[in-house]
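Engineer: Could you work out the structure for the sequence below:
(2 chains)
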Amino acid sequence: MCLAIPMQIESIDGFTARCQAKGVWRDVSLFMMQDALPAVGDFVMVHVGYAIQKVAEADARTAWELLDQILGETGA
Amino acid sequence: MDNARAWLEKIHAFEFDRPVKIMNVCGGHERSITHAGMRGALPEWLELIPGPGCPVCVCPEEDVYQAIRLALVDKVILVAFGDMLRVPVNVKKGEVRSLVEAQAAGADVRPIASPLDARRIALENPDRPVVFFAAGFETTTAPTAAMLTEGIPDNLGILLSGRLTWPAVAMLLESSSPGFDALVAPGHVSTVMGPQEWNFVVDRHEIPTAVAGFRPESLLASFYSVLRQLKSGECFLDNCYREVAHPDGNPTARRMMGETLDVVDANWRGIGVIPNSGYALKPAFAQHDARLLFPDHADPDRRRAGEMPPGCDCARVVLGKIYPNQCRIYGKACTPRHPVGPCMVSDEGACRIWWAGGVRMAADG
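Structural biologist: Predicted coordinates for the structure are as follows:
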């Protein structure tokens, strides 16, 4: 349940960001990021639909690799 | 991976003449450890203990029972994270023992992936009561607090079973046998709440501690850090997940949690009440508190209410007292297909993770 996935912001409307991770798009709430609002192009850690922190692109990409491996193994 | 190999070599360069036990308190950490096969690659003197890292596993049995009754008797639309749907309660044979069985019996139970789904379902069903059964640790409770701050529909109630991670570790450390020599602190709990929450482990108990992320490199770096602390005798709180877990965490999230939720004494399934370890809605949100909006379905005649299922050692697994495959029913009566205890139900339960990692035999088998 604490699994968080890095996603890249493609557009922002109010506190809702359209985010993408490896060809999957989701609407993500930026409501918990008000003290450090991210911008279009930034990467954010997304947990249960909410961005919880910004991340660097390189860290996002290595996290995607790990998730690919784990999800590939469990078939989830 | 070269980085991981370098960390492994550094860990192997240590020499300890006694077993060293490092506890993690995060299902995500345990999944990375098991997936990467780390236990087989580390020195024999090093044990990695999965501790209280699964919020589904410790969610009070009586809360799951209440959620089932809300769906069956009060006819609410009951929404919950998917993990919660198969968690069994202790009822007589033939009675509805999980939310998924309630669904099969005609109740409107819907799995969700985000608190935002709960809000959307409430907006789409303005004439029906909707209850969000919100179990989870800090990382998952914070979004619920954000949703409350932003505003929710009148017909949305929240059955909050949020738990704080650190008080369970504090309870272990204050017991006569904590069962570990060093701690790997959870990455995303620290991302929200701030790594400093774990200072007490170092300051009060002199236990080496490091916050870790979820990549093998980060976890191995945290193991190296705490081993080095053990060797030198100088403990400090290290942070091996600096790229995400910033000092003070996420200030917006913490503020919203402080404004919407109280910290209260709370029951952990099979373990008991841990002081200041749970979240409750503040009185200002009473109109959304499902505990106040609906009848309490607690049944004084129900046997084993609040406990783990009969024969199940989940409580000892959660506390890191035994490994999953040391449970009496692991891989026998209890498998992911027919789970008996919550640790085999949840993706963050140590039993489920070990099973997915290929451990198919009980330790004595």
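
Engineer: List the contacts of residue 37.
Structural biologist: No chain in the question, so chain A it is. Contacts for A:Leu37 were tallied using CB atoms under 8 Å, 6 or more residues apart in numbering or on different chains; they are A:Leu30. Bear in mind the C-beta positions are built from the backbone N, C-alpha and C, glycine included.

Engineer: Correction: the question concerned chain B.
Structural biologist: Shown here is B:Gly37, whose contacts under the criterion CB under 8 Å, 6+ apart are B:Gly357.

Engineer: give me phi/psi at it?
Structural biologist: Here the main-chain torsion angles of B:Gly37 (degrees, to the nearest 10) amount to phi 70, psi 30.

Engineer: Name the nearest residue to residue 66, sequence neighbours excluded.
Structural biologist: No chain was given, so I picked chain A. Counting by CB to CB, 6 or more residues apart in numbering or on different chains, B:Arg215 is the residue found nearest to A:Leu66 once chain neighbours are left out, at 5.4 Å.

Engineer: my bad, the chain I had in mind was chain B
Structural biologist: B:His297 (5.4 Å).

Engineer: Quick check: which element contains B:Gly358?
Structural biologist: For B:Gly358, there is no host helix or strand (DSSP states H and E).

Engineer: pLDDT value on it, please?
Structural biologist: Here the pLDDT value assigned to B:Gly358 is 91.

Engineer: can you list the residues of chain A near chain B?
Structural biologist: By the criterion of CB under 8 Å from any CB of the partner chain, the positions of chain A lying close to chain B are A:1-4, A:15, A:27, A:29, A:31-36, A:45, A:47-50, A:52-53, A:55-56, A:59, A:62-63, A:66, A:69-70, A:73-74, A:76.

Engineer: Can you list which of those residues are found in strands?
Structural biologist: Assignment to strands by DSSP state E places the following of those there: A:27, A:29, A:45, A:47, A:50, A:52-53, A:55.

Engineer: Specify which member of the residues you listed is nearest to chain B.
Structural biologist: Closest to chain B out of these is A:Tyr50 (4.2 Å), distances taken as CB to the nearest CB.

Engineer: Neighbours of that closest one, how many?
Structural biologist: Burial measure for A:Tyr50: 29 neighbouring residues, criterion other CB atoms under 10 Å in any protein chain shown.

Engineer: quick one, what contacts it?
Structural biologist: A:Tyr50 makes contact with A:28-29, A:31-32, B:114-116, B:142-143, B:146 under the criterion CB under 8 Å, 6+ apart.

Engineer: quick one on the thing from earlier: contacts only, for the residue nearest to A:Leu66.
Structural biologist: For B:Arg215, the contacting residues are A:62-63, A:66, B:32, by CB under 8 Å, 6+ apart.

Engineer: now the residues you listed: which count as buried?
Structural biologist: Neighbour counting with 16 or more other CB atoms under 10 Å in any protein chain shown marks A:62-63, A:66, B:32 as buried within the contacts of B:Arg215.

Engineer: Rebuild these as CSV, extending it with distance to B:Gly162 and pLDDT.
Structural biologist: Supplementary listing: the buried ones among the contacts of B:Arg215 in CSV, determined by distance: CB to CB, whole Å; pLDDT from 0 to 100:
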residue, distance to B:Gly162, pLDDT
A:Thr62, 30, 85
A:Ala63, 25, 84
A:Leu66, 27, 77
B:Ser32, 24, 93
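
Engineer: Pipe the residues you listed into a markdown table and attach distance to B:Pro60 per row.
Structural biologist: Supplementary listing: the buried ones among the contacts of B:Arg215 in a markdown table, determined by distance: CB to CB, whole Å:
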| residue | distance to B:Pro60 |
| --- | --- |
| A:Thr62 | 37 |
| A:Ala63 | 33 |
| A:Leu66 | 33 |
| B:Ser32 | 28 |
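
Engineer: and of the residues you listed, the nearest to B:Cys59?
Structural biologist: Closest to B:Cys59 out of the buried ones among the contacts of B:Arg215 is B:Ser32 (23.0 Å), distances taken as CB to CB.

Engineer: Am I right that the closest one sits in a strand?
Structural biologist: No. The assignment for B:Ser32 by DSSP: H, G, I helix; E, B strand; the rest coil gives helix, which leaves it out of any strand.

Engineer: right, and it touches B:Ser222 too?
Structural biologist: No. Look at B:Ser32 against B:Ser222 with CB atoms under 8 Å: they stay out of range, at 11.1 Å.

Engineer: which helix of chain B spans the most residues?
Structural biologist: Taking DSSP state H as the criterion, chain B has its longest helix at helix B:216-232.

Engineer: Now do the helix or strand that it is followed by, average pLDDT.
Structural biologist: The C-terminal neighbour of helix B:216-232 among helices and strands, as given by DSSP H and E, is strand B:237-240. Across strand B:237-240, pLDDT averages out at 98.

Engineer: now swap in stretch B:80-89 and tell me
Structural biologist: The average of the pLDDT scores along stretch B:80-89 is 95.

Engineer: end-to-end on it?
Structural biologist: Between the opening and closing residues of stretch B:80-89 there is a gap of 16 Å (CA to CA, to the nearest Å).

Engineer: Could you check it against chain A for contacts?
Structural biologist: Yes. Contact check for stretch B:80-89 against chain A, using CB under 8 Å from any CB: residues in range are B:81, B:83.

Engineer: The residue of chain B found nearest chain A: neighbour count?
Structural biologist: Closest contact between chain B and chain A, by CB to the nearest CB, is at B:Ser114 (2.9 Å). Per other CB under 10 Å, the neighbour tally for B:Ser114 reads 21.

Engineer: In contact with it: list those residues for me.
Structural biologist: Residues in contact with B:Ser114, defined by CB under 8 Å, 6+ apart, are A:48-50, B:143.

Engineer: Residue in chain A with the shortest distance to chain B?
Structural biologist: With distances taken as CB to the nearest CB, chain A approaches chain B most closely at A:Gly49, which sits 2.9 Å away.

Engineer: Sweet, I'm off.
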